[in-house]
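Peer 1: Sequence and computational prediction follow.
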Amino acid sequence: VTTGQVLSLLLLFGVSGWVSAAIRYAIPEEARRGSAVGNVVADLALDLGRLPGRRLRVVSGGNKKYFGVDLTSGALLVNERIDREELCGALSPCSLSFEIVVENPLELYSGTVEIQDINDNDPVFPSSQARLEISESVAAGARFPLESAQDPDVGVNSLQTYQLSANPNFALDVQTRVDGSKYAELVLEKELDREEQRELNLVLTALDGGSPPRSAHVQIHIDVVDANDNAPVFNQSTYKASVRENTPSGTLVARISAYDLDDGPNGDIVYSFSSHTPAKVRELFALDSATGELRVKGQLDYEETKLYEIYLQAKDKGAVPGVAHCKVLVEVVDVNDNAPEVTVTSVYSPVPEDAAPGTVVALLSVTDLDSHDNGLVNCFIPPGIPFMLTSSLKNYYTLKTEGALDREKAAEYNITITAKDSGSPPLSAVKHILVQVSDVNDNAPKSSQDSYDVYVPENNMPGIPILNVSTTDPDLGRNAHLSYTLLQGDTAFGHLFSINRENGTLYVLTSLDHEDQVEFSMMVQVQDGGFPPLATNVSVSVFVTDLNDNAPMVLYPQPNTTATYTDAVAPGTPAGHMVTKVVAVDADAGYNAWISYTLLQATDPSLFSVGLHNGEIFTARQLREDDAPEHTLVVLLKDHGEPVLSTSATISISVAEMVKEVLTDLTDVAPANDSRRHVTFYLILAVILVSAAFFITMLSVGIFKCYKWRQSKELYNSSRSTTYRTPGPFHHIDAVRGGFTPPSFYHQVYLTTDSRQSDLLCKKPFTSSPLGSRQGTIRNGEPGLYHQIVGTASRLPTPAEQAQPNTDWRFSQTQRPGTSG
């Protein structure tokens, strides 16, 4: 058979999805390295051009890799020296199994290479000489076993025959054992005559069946001795026994028995192994020379030899001992003494955590040297893991995913594969496979809280950090790399706030002003670096807390104007009469906006006093005729913030006898081109509109005012203990001039039953939060954030009224019940 010749045709069968075919080749032993065994690519109908991408490889048992595949030609090549005698000994036929694994898609092919014997070993005798003692009384036809030669080759190359050198007395009879081996016996054809010839020298030649045949020689020296008439005789020519392979040393296997009719030393029998009993048998069994008991001496192995054929002899002690021969057949009974062996052919790790159920993770093969049920192996893995074992070919298993994997719960699995045979008791083997789970971006970033409320004092330093958005992502590597983005939403805050893209620190870029805007609401998007990326939005509300950064602003008398506002009071006015009122507002909120009034300077400090909380200027005593006609008062206005901010207002008061003088002064006070000269007209129009709706809205207004008053009281009591302080009660500022209100104010007019007096309510607009959800409760309870100015509007007297004596035309203030200055 030439190298690479295919002996068996390709056996195609669909065993499973990944085992497609089995192939068989035959090569002679000692084939050169690189010799072609066969073209596996062609025999398996594989595409030669796709082999580099499919990672074809050959897997064979044992430590040596006897075969490889040439990917350019598809040929199966010899990689190692192959000695059939070393691999299989006397076993025939001798074969090597291998598997071919091909990926993309995964396919497994099994194959067998039969190793053919070549005649590379000579027969060998145990010794170069043999010595026999034969009595001359031995009759013709007697047989004498000879030492057998051993030839490790098998088949026709094994030992085939023996040849004996030419002689007149002996012939050679070649016998065949049960296992097919040959042994030779000398057959006496002509009786010996010691007196004629004392010894004979013969040559025994052993020949194998090779071409040319190999041979071995042994010298046989025969001594002719005097006769011992009777030879021992065995009770039976063949003995049979069975013994378990794990039988301990010393166990009795069989007892042979022979008898000799002679007396004395010629009748004493000694048992021994015959000359052609192999040396290996003598190592495994011991024979008692006196009793004939055959016992176990070494370790029996069913997997190595199932049946032993033992040749024994009985020899007497005569001068020329008689010899008898028998055969003992010892059958070895298999026991479960070999544990299964698990071999991992391929492991595909790591496995993506989104791998579909049924994904192949590893290929396994199991072997058990025992036979029958003792060699029947089952494999299993522990429960509770998302993997399963399936078998589609005998002794081959596939490890697959059974359920969904989650790297965040288990990053790796150390899978224990247990192989157990069906023996009694069963034996098992354990194999561990480490399967790692690779990460997939399946988790969005998670924030420690869904929303953040941040309180920043106004007039802050630009560029300071105000918040660190804390988020985590249980994924790994790039999938867990987080980036932070500030979403603008409906209102752009890009010029006010920025966020660090890497660590989520929120910075305020400019100085904030509580009076400009109280609340900012924005959305922070946290996005990971996976593909596709996953994101989470976190709501952030920034509240600007108030600081005392605005001094009180005087509305009346108007500061920084060239016009002089003069208030008039009649001589003799009693004490406690209100002359005028300082009107002021504070742009701050809460406690910072509370204003207190103090008389700082006066022409006559004893004549006038100022209300601490309402700015009303009263006469401290009755005016006398000797009092100065003109008085200048400087009123100090302070808020209640820290630090305290203040301003001052200067008021001129005239003591006049006649109302006409006062009117003249008032006329002089009003500037000719005052832009607010039409305020009186608008007030009258507003009075008409409000009066029309008065009776309809009276009930609702009353309920609303009571609710606001009660709520302001509650907030005032708790304002000093909160971080975001709520202001106190309403500020009602009375005015005695119709032209003091700024254009940004809107006006509500309330009339009294007296047509000469009216209540003027002025509210400063408040810029509400764009969201309004974070401080809805605070805003609803902050009446102090609105500055209400209530005053009286006076009309000029008619000429008839001016002529009436004792008429005091002074500006007076009417305060609505339930309000404070």
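Peer 2: Perfect, thanks for sending it.

Peer 1: check contacts around Leu207.
Peer 2: 123, 159-163, 213-215 (C-beta atoms under 8 Å, 6 or more residues apart in numbering). All C-beta atoms are positioned from the backbone trio N, CA, C, and that covers glycine.

Peer 1: just checking, it is part of a strand?
Peer 2: Yes - with DSSP: H, G, I helix; E, B strand; the rest coil as the criterion, Leu207 is assigned to a strand.

Peer 1: distance of it from Arg244?
Peer 2: 39 Å (C-beta to C-beta, to the nearest Å).

Peer 1: Tell me the buried residues within the contacts of Leu207.
Peer 2: The neighbour count (16 or more other C-beta atoms under 10 Å) marks 123, 159-160, 162, 213-215 as buried among these.

Peer 1: which pair in those residues spans the largest distance?
Peer 2: Spatial extent of the buried ones among the contacts of Leu207 (C-beta to C-beta) is set by the pair Tyr162 and Arg214 at 13.5 Å.

Peer 1: Cys326 pairs with what?
Peer 2: Leu312 (DSSP bridges).

Peer 1: From Val437, how far out is the spatially most central residue of the chain?
Peer 2: By C-alpha atoms, centre = their mean, the chain has its centre lying nearest to Arg407, at 2.5 Å. According to C-beta to C-beta, Arg407 and Val437 sit 4 Å apart.

Peer 1: Now do the shared contacts for those two.
Peer 2: Common neighbours of Arg407 and Val437 (C-beta under 8 Å, 6+ apart) are Glu353.

Peer 1: residues in contact with Glu133?
Peer 2: Glu133 neighbours (C-beta under 8 Å, 6+ apart): 222-223, 225, 320-321.

Peer 1: chain center to the helix or strand hosting it: distance?
Peer 2: Element membership of Glu133 [criterion: DSSP states H and E] is strand 129-135. In terms of C-alpha atoms, centre = their mean, to the nearest Å, the centre of strand 129-135 is found 83 Å from the chain centre.

Peer 1: Name every sheet partner of that strand and say whether each one runs parallel or antiparallel.
Peer 2: strand 215-225 (parallel).

Peer 1: buried set for the strand it pairs with?
Peer 2: Buried, per 16+ other C-beta under 10 Å, within strand 215-225: 215-216, 218, 220, 222, 224-225.

Peer 1: So which of those sits lowest on pLDDT?
Peer 2: Among the buried residues of strand 215-225, Val225 has the lowest pLDDT, at 77.

Peer 1: Next one: the closest residue to Ser92 other than its chain neighbours relative to Gly49, how far apart?
Peer 2: Spatial nearest neighbour of Ser92, chain neighbours left out: Val154 (4.2 Å); criterion: C-beta to C-beta, 6 or more residues apart in numbering. As judged by C-beta to C-beta, Val154 and Gly49 stand 42 Å apart.

Peer 1: Comparing these two, which residue is more hemmed in?
Peer 2: Counting neighbours by other C-beta atoms under 10 Å for Val154 and for Gly49 shows that Val154 has the greater number, 20 against 7.

Peer 1: The more buried one touches Ile115, doesn't it?
Peer 2: No - with contact defined as C-beta atoms under 8 Å, Val154 and Ile115 do not form a contacting pair (10.3 Å).

Peer 1: Low-confidence bits of this structure, can you list those?
Peer 2: Along the chain, segments meeting pLDDT under 70 span 1-21, 61-62, 226-228, 488-492, 560-565, 657-680, 712-821.

Peer 1: hang on, the earlier thing: can you add distance to Val366 and secondary structure and give the contacts of Leu207 back as a markdown table?
Peer 2: What follows is those, written out as a markdown table (distance: C-beta to C-beta, whole Å; DSSP: H, G, I helix; E, B strand; the rest coil):
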| residue | distance to Val366 | secondary structure |
| --- | --- | --- |
| Pro123 | 40 | coil |
| Leu159 | 38 | strand |
| Gln160 | 41 | strand |
| Thr161 | 45 | strand |
| Tyr162 | 46 | strand |
| Gln163 | 50 | strand |
| Pro213 | 44 | coil |
| Arg214 | 42 | coil |
| Ser215 | 46 | strand |
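
Peer 1: Off-centre distance for the longest helix seen in the chain?
Peer 2: Of all the elements of type helix in the chain, the one with the most residues (DSSP state H) is helix 694-718. Mean-position distance between helix 694-718 and its chain equals 60 Å (C-alpha atoms, centre = their mean).

Peer 1: From Asp117, how far out is Asp153?
Peer 2: Asp153 sits 5 Å away from Asp117, going by C-beta to C-beta.

Peer 1: Overlap in contacts, Val154 and Ile115.
Peer 2: Counting by C-beta under 8 Å, 6+ apart, the residues touching both Val154 and Ile115 are 84, 94.

Peer 1: Leu200: how many residues sit nearby?
Peer 2: Leu200: 17 surrounding residues under other C-beta under 10 Å.

Peer 1: I'd say it and Val224 touch.
Peer 2: Yes - counting by C-beta under 8 Å, Leu200 does reach Val224; the two are 7.4 Å apart.

Peer 1: Can you show me the helices along this protein?
Peer 2: Counting by DSSP H, the helices of the chain are 40-43, 51-54, 84-88, 279-284, 659-669, 679-692, 694-718, 776-780, 799-803.

Peer 1: could you dump stretch 45-52 to PDB, C-alpha only?
Peer 2: Once non-C-alpha atoms are left out, stretch 45-52 reads as follows in PDB (Å, rounded to 0.1, in the frame of the first residue of the first chain):
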ATOM      1  CA  ALA A  45     -16.000  17.600  -0.100                       C
ATOM      2  CA  LEU A  46     -14.700  20.800   1.600                       C
ATOM      3  CA  ASP A  47     -14.000  24.000  -0.200                       C
ATOM      4  CA  LEU A  48     -10.200  24.300  -0.400                       C
ATOM      5  CA  GLY A  49     -10.300  28.100  -0.900                       C
ATOM      6  CA  ARG A  50     -12.200  28.700   2.300                       C
ATOM      7  CA  LEU A  51     -10.000  26.600   4.500                       C
ATOM      8  CA  PRO A  52      -7.800  29.500   5.800                       C
END
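
Peer 1: starting at the chain centroid, how far to that stretch?
Peer 2: So, by C-alpha atoms, centre = their mean, the centroid of stretch 45-52 is 37 Å from its chain's centroid.

Peer 1: Other residues contacting that stretch?
Peer 2: With C-beta under 8 Å, 6+ apart as the criterion, stretch 45-52 contacts 40-41, 56, 71, 73-74, 102.
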